[in-house]
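> Give me a 3D structure for the following:
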Amino acid sequence: MGWTTPRTWTDGELVTKVIMDQHVRDNFNSTTHVHLRKTADQSVTSSVVVVNATDLGLTVAANEVWLCDWSLIYTGPTAGDLRIAFTFPTAGEFAQYAVYPDGAGTLQSGAFFTGTSPTAELIFAVSQATVRNALSIKGHFVNGGNAGTVQLQFAQGTSNATATTLKQNSVLMACKIA
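So this is what the prediction gives:
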């Protein structure tokens, strides 16, 4: 059941289970917020093959709609960079918008919309090898008839012997809107 505008109560009104279910339980169940935090660093070395980012996969049911916000912290060699892709259930559609630093540290942005999983792999620069880099990815996921996981994946942009690391405390905040 979707969101119902809560009613205005009157003095002396008898509150019943039906009224409370509709205006409290059903409204609470119609809005789900998920906060996922990466609990440990995860590194990829000498590889451009994407792997699942542990702790940053969103479980979705059939026909749900989610707004997602990944806030990633990463380190690595400037010659290695960061490669990102997503997988999601068949018949889903994923729109993404990212803000990221280029090799000179200048903020850039980009967007894509796809119904194909896995998504195209995008490369984000490591602006400085000795400091943490930040990446914000906003997504809108509309699921089809299959339950599953919207999964962030990562690797190095260019294979390098120095690790590219997705850092602890990177987060996914998501809100189910339908």
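
> okay, CA-based contacts and neighbour counts for the rest of this
Noted.

> which intervals of this structure have sub-threshold pLDDT?
Confidence mapping of the chain against pLDDT under 70 gives the ranges 1-3, 27, 29-31, 101-105.

> residue boundaries of the strands in it?
32-37, 42-44, 51-60, 65-75, 82-87, 93-101, 107-114, 122-124, 133-142, 148-155, 164-166, 171-176 (DSSP state E).

> Where does the record place the domain boundaries for this protein?
1-30, 32-176 (automatic domain parsing).

> I'd like the ones you listed written out as a markdown table, with mean neighbour count added.
Converted to a markdown table, the domains of the chain look like this (neighbours: other Cα atoms under 10 Å):
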| stretch | mean neighbour count |
| --- | --- |
| domain 1-30 | 11 |
| domain 32-176 | 18 |
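
> Show the contacting residues for Thr149.
Going by Cα atoms under 8 Å, 6 or more residues apart in numbering, Thr149 touches Gly57, Leu58, Thr59, Val60, Thr87, Phe88, Pro89.

> list the contacts for Ala95?
By Cα under 8 Å, 6+ apart, the neighbours of Ala95 are Ala111, Phe112, Phe113, Thr114, Gly139, His140, Phe141.

> actually Val65, sorry about that
Contacts of Val65 (Cα under 8 Å, 6+ apart): His140, Phe141, Val142, Asn143, Lys176, Ile177, Ala178.

> now it: how far from Val15?
32 Å (Cα to Cα, to the nearest Å).

> picking that back up, dump the strands of the chain into JSON lines; add distance to Thr10 as well.
Formatted as JSON lines, the strands of the chain follow (distance: least, Cα to Cα, whole Å):
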{"stretch": "strand 32-37", "distance to Thr10": "29"}
{"stretch": "strand 42-44", "distance to Thr10": "55"}
{"stretch": "strand 51-60", "distance to Thr10": "39"}
{"stretch": "strand 65-75", "distance to Thr10": "35"}
{"stretch": "strand 82-87", "distance to Thr10": "50"}
{"stretch": "strand 93-101", "distance to Thr10": "44"}
{"stretch": "strand 107-114", "distance to Thr10": "48"}
{"stretch": "strand 122-124", "distance to Thr10": "56"}
{"stretch": "strand 133-142", "distance to Thr10": "39"}
{"stretch": "strand 148-155", "distance to Thr10": "44"}
{"stretch": "strand 164-166", "distance to Thr10": "53"}
{"stretch": "strand 171-176", "distance to Thr10": "32"}
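
> Out of these, which is closest to Asp11?
strand 32-37 (31.3 Å; Cα to Cα).

> My read is that Leu122 contacts Ala85, right?
Yes. Leu122 lies in contact with Ala85 (Cα atoms under 8 Å); the separation is 6.5 Å.
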